[in-house]
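J.: Just need the structure, nothing else, for what follows:
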Amino acid sequence: MNLSKPSLFIYLLILSELTFASGTMNEDEIKNVDRVEVSDEEARQRLSITAGLLADYEIAAKKLIMNLGNKSTTAIGISNQAKALLDLSENVINSAQYRLPQCDEYLAKTLMLKDNLQTISHASLEKDYHHDGALPKAPGECYHTKDLFVHPATVIVLTRDDPTLNEKTKASINLEISEVLAHTEIVRQLVIY
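T.: Residues are numbered from 1 along each chain as shown. Reported below is the predicted structural model:
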């Protein structure tokens with residue numbers, strides 16, 4: 001297969017979304033998750049805003065992946081894009097904590113990672129947040145929303161540790177963001193619908 005760099009990144013994105021998303025949930029599992037019912041107009045508006053933020057998150061994540069193929073891309077630029085994803089995910093997490101109260105403590109502890117991004121090692125981030133070593137036990141439905149935050153946080157750590165943004169780091173970033181894109185539809189179904 002002979003693809004240009006942007007086409008190759010799109011191909012890798014699609015491939016990654018299909019093969020690297022862990023912890024998937026089927027339709028019946030999603031339907032059986034306990035959620036707070038949305039009964040008033042204020043809650044409906046909140047979820048409407050969250051739906052828009054989740055769509056913005058997906059667009060920003062795809063742009064980040066596309067920018068990995070640009071020769072002028074810098075670690076600072078990619079890190080800034082990841083920080084924007086963190087900000088969007090915090091707002092989505094707030095709505096998830098409302099709709100999925102069983103995830104509240106788990107997601108609150110996840111958000112504490114933000115204060116440690118300048119010092120946490122990549123290995124500790126993997127162990128403590130990707131694999132939940134520093135997080136309390138929580139039902140499986142909580143995992144997907146957490147990843148909206150943890151994957152961009154990982155990109156920030158990767159760019160911090162490799163300011164030259166070598167090809168290995170770019171490939172790791174691509175996998176991180178591609179995987180989290182695969183979680184967004186599950187989050188949409190869990191939190192919005």
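J.: what residue lies at the spatial centre of the protein?
T.: In the chain, the residue lying closest to the centroid (CA atoms, centre = their mean) is Leu148, at 2.2 Å.
J.: For that one, which residues are in contact?
T.: Going by CB atoms under 8 Å, 6 or more residues apart in numbering, Leu148 touches Tyr57, Leu85, Leu88, Ser89, Val92, Ile93, Val180, His183, Thr184, Val187. Yep, even glycine has a C-beta here, placed from its N, CA and C like the rest.
J.: in which helix or strand would I find it?
T.: Under DSSP states H and E, the secondary-structure element containing Leu148 is helix 141-161.
J.: Convert the C-alpha atoms of that helix to PDB, please.
T.: The C-alpha coordinates for helix 141-161 follow below in PDB (Å, rounded to 0.1, in the frame of the first residue of the first chain):
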ATOM      1  CA  GLU A 141     -18.800   1.800  32.600                       C
ATOM      2  CA  CYS A 142     -16.500   4.300  34.400                       C
ATOM      3  CA  TYR A 143     -13.400   3.300  32.400                       C
ATOM      4  CA  HIS A 144     -14.500   4.800  29.100                       C
ATOM      5  CA  THR A 145     -15.000   8.300  30.500                       C
ATOM      6  CA  LYS A 146     -11.700   8.100  32.400                       C
ATOM      7  CA  ASP A 147      -9.900   7.400  29.200                       C
ATOM      8  CA  LEU A 148     -11.100  10.700  27.700                       C
ATOM      9  CA  PHE A 149      -8.800  12.300  30.200                       C
ATOM     10  CA  VAL A 150      -6.000   9.800  30.600                       C
ATOM     11  CA  HIS A 151      -5.100   9.400  27.000                       C
ATOM     12  CA  PRO A 152      -4.500  13.200  26.300                       C
ATOM     13  CA  ALA A 153      -2.600  13.300  29.600                       C
ATOM     14  CA  THR A 154      -0.400  10.600  28.300                       C
ATOM     15  CA  VAL A 155       0.300  12.700  25.200                       C
ATOM     16  CA  ILE A 156       1.300  15.600  27.400                       C
ATOM     17  CA  VAL A 157       3.800  13.300  29.200                       C
ATOM     18  CA  LEU A 158       5.100  11.900  26.000                       C
ATOM     19  CA  THR A 159       5.700  15.300  24.500                       C
ATOM     20  CA  ARG A 160       7.300  16.500  27.700                       C
ATOM     21  CA  ASP A 161       9.700  13.600  27.700                       C
END
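J.: Tell me which residues of that helix come out buried.
T.: Judged by neighbour count (16 or more other CB atoms under 10 Å), helix 141-161 contains these buried residues: 141-159.
J.: Could you do stretch 169-185 as well?
T.: So stretch 169-185, judged by 16+ other CB under 10 Å, has buried residues 169-170, 172-185.
J.: what about the residue nearest to Lys170 when sequence neighbours are not counted, neighbour count?
T.: Spatial nearest neighbour of Lys170, excluding adjacent residues (CB to CB, 6 or more residues apart in numbering): Leu68 at 4.9 Å. Here the number of neighbours of Leu68 (other CB atoms under 10 Å) works out to 22.
J.: Kindly report the same for the one 5 residues further on.
T.: As a burial measure, the neighbour count of Thr73 was computed by other CB under 10 Å and equals 16.
J.: Alright, I will stop here.
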